[in-house]
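**Student:** Okay, predicted coordinates and the sequence, questions at the end:
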Amino acid sequence: MLGIVSNQMIDKSSIRTMLLSLGFKEDVNNFISYNSWVVVCGLEMFEGKAVSVVSDSDLYNLRELSSLVDDKLQNNAHLIGLLYLKYGLLFFEKLRGPFSICIIDKKKQKFFIVTDRFGIKPIVYYLNENLFIFGPRIKAIQSVLQSEIDEIDYEAVVDYINLSAIPTPKTIFKKVKKLPPGHFLVINADELFPHIHKYYDIEYSEEKSGEEYFLSKLPLSIEESVRAVLEYEFSRGSSVGAFLSGGTDSSTVTGMIKKLNGHVKTFSIGFDEPGYNELKYARITSKYFSSEHYEYIVTPDDVLKALDIIFDVYDEPFGNASAVPTYFCALLAKEHGIDTLFAGDGGDEIFGGNERYVANNIFSLYHKIPSILRERLLEPGISKLPSPIPFVEKGKKYIRRANIPQPDRFYSYNPVTVFGKEEIFSSEALKHLNGYDPLVWARNLYNDVKAVSDLNRLLYIDMKFTITDNDIRKVTAMSEKAGVRVCYPLLDHNLVDFAATIPAHLKVNGTKLRYIFKKALHGFLPVEVIKKKKHGFGLPIGIWITTKKNISSFVREILLSPDCNIKPFFREGFIKDIFKLHAATNATFYGDIIWFLLIFELWNKKWKNNEH
């Protein structure tokens, strides 16, 4: 879906470019125009007297929605148009599943675009004094403009180095923004200014129901969500499989498909690297549920092959290295006849499965000590003790981190927080940043969410960034490049809303992650999976930079070259310093930063080549 709103007449060449950028032939009538100020292209379209609609939607409650209107339906866009006419903008709340939608209201002379609750079907947009363009990718917008969007957002560069991805609403370009999940945008015919409104958000109500209620309700809620997605996919003729990392979420989704369908194909990725290969647990789950199982071992050569794919898929720097194994896992599924994969993303963020949540509980214990004792006795006393004593140094570090307010503490081990902007970025870059605080976005989310507990505030931040801007972008984009669609049953909003009612202490109980989840699914999942620590599809890039000659020489040649394009962004010597720190410690932390820098440099080169 790609569209233009303009205060000037939209010419035919722009329409032709839009069609070609979406893969249509230029003579195909896959577009809707209205009064020469709006043109929208897409696959699902409906044009009526009062309203026109273009949509990209997977509606899991299609049957229920269809019963709310009387007409014989042409497609989903037709259904959406009728729902809008009947319920107005409230109809957004009735949709279940991922969607991006454009509505032209001809009577009210208004134009709307909307994305789903978690940004699974993303929308980005560009605005200048004469033109508003929107689409699923920056690349699509650039094709319509026929000129480069050339002003880089330095704040987004800081965010990228700190987080590996750029948080909504920013993109790497100042004039291009992401529409936040659960929001819609309105433009009136008499002005070219977008008004953005929220139609959905997660609200953490924390029901007072006891543990027994959630023990019985939780498995049923997960099963219902998987069933809704599965039935929809079967109705459209999909050939379904499941990502299987061997973790609790992918294992749960696998088990539910097996239970509901009687058969499931599973796909896993491994590495010939101790500490990173989780195939053992994937095989345990596969055997437990009798899945038809397939595996692939990702090699250093695969990483180098995948780099070109990454820059074809992402239009801005994206540093989540597990995009590489995700692509090869989806490619494996495609080779075995699968066109739709079920993913377990979202489980950690709704049920409390990240190690950082336990760390937060441990640091919170310090503040249960009366402040007068902390400030007048403990802190002055321990500060006078010699640091070389191991337990003293640990105590000082604990107090130091415990005294960092949330959500800053949540990101206290991220690169920009650890080094500080002045140690990373050049004086010229710092001028552009004008004192930018790289955690302001997280504080805004932390303070704005409807939640009482600290844990739920952190879960909310992870839903907004880790899920929307990182995990979904990673899994969807790389899988689609391999020719496979992805479904996220654990991000069904009914399940997310139910999980938001679970009290925080039942999600993370002391040092026990996913407390109620694991207890509720005990007996459904293999015991080994219930007891294992979280791992995921992580790539051992930090180790390979040191141990694999092809990776090491490639990375060094790119980043330590005198022609390195991104040098002006960074303090002189910073990139070399990171290589030295990585060589001295072999720490994953420095390896990740090198990967972020590599991706930024390769993206920058491609962008500059396209510019000229």
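**Tutor:** Arrived safely. Residues are numbered from 1 along each chain as shown.
**Student:** gap between stretch 414-425 and the chain center?
**Tutor:** Chain-centre distance of stretch 414-425: 23 Å, with C-alpha atoms, centre = their mean, to the nearest Å.
**Student:** all strands for the stretch 1-150 of the chain, in order.
**Tutor:** Along the stretch 1-150 of the chain, the segments classed as strands by DSSP state E, counting those that start in this stretch run 2-6, 31-34, 38-41, 44-47, 51-57, 99-105, 110-115, 124-127, 131-135.
**Student:** How about the stretch 151-300 of the chain?
**Tutor:** 176-178, 183-188, 195-198, 240-243, 265-271, 292-298.
**Student:** Give me the sheet partners of the first one and which way each runs.
**Tutor:** Right, strand 176-178. Sheet pairing for strand 176-178, assigned by DSSP bridges, gives strand 124-127 (antiparallel).
**Student:** Now do the phi/psi pair for Phe524.
**Tutor:** Dihedral pair for Phe524: phi -90, psi -40, per degrees, to the nearest 10.
**Student:** Start the count at 203 instead of 1 going forward.
**Tutor:** Sure, I'll start numbering at 203, so the last one becomes Phe726.
**Student:** if I pick it, what's in contact with it?
**Tutor:** Counting by C-beta atoms under 8 Å, 6 or more residues apart in numbering, Phe726 touches Pro421, Thr454, Gly457. Every C-beta, even on glycine, is put in place using the N, C-alpha and C of the backbone.
**Student:** run the last query once more with 7 Å
**Tutor:** By C-beta atoms under 7 Å, 6 or more residues apart in numbering, the contact set of Phe726 is Pro421, Gly457.
**Student:** Can you verify my assumption that Ile512 contacts Ala525?
**Tutor:** Yes - Ile512 is in contact with Ala525 according to C-beta atoms under 7 Å; the separation is 6.0 Å.
**Student:** Relative to Asp639, how far out is Leu287?
**Tutor:** The gap separating Leu287 from Asp639 is 45 Å, by C-beta to C-beta, to the nearest Å.
**Student:** Also Asp510?
**Tutor:** 36 Å.
**Student:** give the contact list for the nearest residue to Tyr401 once chain neighbours are set aside.
**Tutor:** Nearest residue to Tyr401 in three dimensions, chain neighbours excluded: Phe294, at 4.6 Å (C-beta to C-beta, 6 or more residues apart in numbering). When contacts are counted by C-beta under 7 Å, 6+ apart, Phe294 touches Val316, Phe386, Tyr401.
**Student:** Out of those, who's the most crowded?
**Tutor:** Neighbour counts for the contacts of Phe294 peak at Val316, which has 25 neighbours (criterion: other C-beta atoms under 10 Å).
**Student:** Could you pull up the residues touching it?
**Tutor:** Phe294, Ile303, Phe386.
**Student:** what does the average pLDDT come to for stretch 360-377?
**Tutor:** On average, the pLDDT along stretch 360-377 is 97.
**Student:** Show me which positions of that stretch end up buried.
**Tutor:** 360-370, 372-375 (16 or more other C-beta atoms under 10 Å).
**Student:** Check Leu245 and give its pLDDT.
**Tutor:** For Leu245, the model assigns a pLDDT of 82.
**Student:** For burial, what's the neighbour tally of it?
**Tutor:** Close neighbours of Leu245, defined as other C-beta under 10 Å, add up to 15.
**Student:** before we move on, what about the one 5 residues further on?
**Tutor:** Gly250: 14 surrounding residues under other C-beta under 10 Å.
**Student:** Contact partners for the nearest residue to it once chain neighbours are set aside?
**Tutor:** Spatial nearest neighbour of Gly250, excluding adjacent residues (C-beta to C-beta, 6+ apart): Gly283 at 5.9 Å. For Gly283, the contacting residues are Phe248, Gly250, Val253, Val255, by C-beta under 7 Å, 6+ apart.
**Student:** quick one: which of the residues you listed is most hemmed in?
**Tutor:** The most neighbours of any of the contacts of Gly283, using other C-beta under 10 Å, belong to Val255, which has 29 neighbours.
**Student:** any chance you could map the strands in the stretch 503-652 of the chain?
**Tutor:** Under the criterion DSSP E, counting those that start in this stretch, the stretch 503-652 of the chain contains strands at 542-544.
**Student:** What's the separation between the closest residue to Lys341 other than its chain neighbours and Leu333?
**Tutor:** Counting by C-beta to C-beta, 6+ apart, the nearest residue to Lys341 once its immediate chain neighbours are dropped is Asp517, at 4.8 Å. To Leu333, Asp517 is 19 Å away according to C-beta to C-beta.
**Student:** Look at the two and report which has more neighbours.
**Tutor:** Using other C-beta under 10 Å, the more surrounded residue of Asp517 and Leu333 is Asp517, with 23 against 17.
**Student:** show me the contacts for Arg603.
**Tutor:** By C-beta under 7 Å, 6+ apart, the contact list for Arg603 reads Phe565, Arg611, Ser614.
**Student:** The nearest residue to the last one once chain neighbours are set aside: neighbour count?
**Tutor:** Okay, so that is Ser614. Excluding the flanking residues, the one nearest Ser614 by C-beta to C-beta, 6+ apart is Ile606, at 5.7 Å. Ile606 sits with 14 neighbouring residues when counted by other C-beta under 10 Å.
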